[in-house]
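1. based on what follows, work out the 3D shape:
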Amino acid sequence: KEQKTQLSFVAHNALRNEKYRPETCCIIGNYYSLKSQHEKAVLYFKRALQLNRHYLSAWTLMGHEYVEMRNTAAAIEAYRRALDINPRDYRAWYGLGQTYEILQMHFYSLYYFRKATALRPYDARMWCAMGQCYECLEKYEEAIKCYKRAYENGDREGIALNKLGKLYSEIMDDPREAAKHFELNLRLLDAEQVESQQTMDALLFLARYYKDPAHDRLD
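-> From the prediction side, this is the model:
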């Protein structure tokens, strides 16, 4: 709510002072995006592009809105236009990966996520996205490597550790490694003061794990 209020204030100021600038249209588009009014957001990103066809952010942001609307063809077109302007826009590569993920075309998705990760190797989200693709392709060893890189690069939401715990428990049949990663995730989520389904996943697995007398406490 606070973010919406701040963005609303910025949007009104921009509209009053610089109505006919693409930056203003993008600010207003972001405001509507935050309110999940995706059609209105697209309208303002299109207005930004009427003012400047080469305004990179408008193409990328419009792609994001089309992803939210599940209009995959329009999303792909918007992201490709962004990459025509700047081939190093990691957001557009990542957006293309997400779009092909919706289409369940995982080899294509993986290609685009690799491009995004190469441009932003320190971003945990990129590694998590690649890991998810490898899971869909049943390349579990590669998925594990990606999730480990995500954790090493500061995955504060605990997605990577939760994924590692599940892969080790459900696919790799390694309950000790699973317990290790679930415990790490509990500590991370506790430090970040986050309560989620991931917390329940970890607690349920660890309760079963330590119920078995063959399993010692982890150091």
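
2. going by C-alpha atoms from here, please, whenever you check contacts or count neighbours.
-> Will do.

3. so the nearest residue to Tyr112 once chain neighbours are set aside is in which element?
-> Leaving aside its sequence neighbours, Tyr112 sits nearest to Gly97 (Cα to Cα, 6 or more residues apart in numbering; 4.9 Å). Element membership of Gly97 [criterion: DSSP states H and E] is helix 90-102.

4. grab the most central residue of the protein for me.
-> Nearest residue to the geometric centre of the chain (Cα atoms, centre = their mean): Arg125, 5.2 Å.

5. quick one: low-confidence parts of this protein?
-> 1-19, 216-219 (pLDDT under 70).

6. can you count the residues close to the residue nearest to Tyr112?
-> By the criterion of other Cα atoms under 10 Å, Gly97 has 29 neighbours.

7. check contacts around it.
-> Listed by Cα atoms under 8 Å, 6 or more residues apart in numbering, the contact set of Gly97 reads 108-113.

8. test my guess that the residue nearest to the centre of the chain contacts Tyr151.
-> No: Arg125 is not in contact with Tyr151 according to Cα atoms under 8 Å; the separation is 9.9 Å.

9. quick one, helices of this protein?
-> Under the criterion DSSP state H, helices of the chain are mapped to 2-17, 22-34, 38-51, 56-68, 72-85, 90-102, 106-119, 124-136, 140-152, 159-166, 175-191, 197-211.

10. who's in contact with the fourth one?
-> Same thing as helix 56-68. Counting by Cα under 8 Å, 6+ apart, 22, 26, 33, 38-39, 41-42, 45-46, 48-49, 72, 74-79, 81-82, 85-86, 91-92, 95, 98-99 sit against helix 56-68.

11. so how far is it off the chain centroid?
-> 14 Å (Cα atoms, centre = their mean, to the nearest Å).

12. stretch 159-168 too?
-> The answer for stretch 159-168 is 16 Å, by Cα atoms, centre = their mean.

13. contacts only, for the closest residue to Tyr140 other than its chain neighbours.
-> Nearest residue to Tyr140, sequence neighbours excluded (Cα to Cα, 6+ apart): Tyr134, at 6.4 Å. Applying Cα under 8 Å, 6+ apart, we find Tyr134 in contact with 110, 140, 142-143.

14. nearest to Ile159, of those?
-> Ile159 has its nearest neighbour among these in Ala143, at 12.7 Å by Cα to Cα.

15. gap between that closest one and Leu184?
-> 18 Å (Cα to Cα, to the nearest Å).

16. tell me which of these two has more neighbours.
-> Neighbour count, other Cα under 10 Å: between Ala143 and Leu184, Ala143 has more, with 26 against 17.

17. what's the closest non-adjacent residue to the more buried one?
-> Once flanking residues are discounted, Ala143 sits nearest to Gly131: 4.2 Å by Cα to Cα, 6+ apart.
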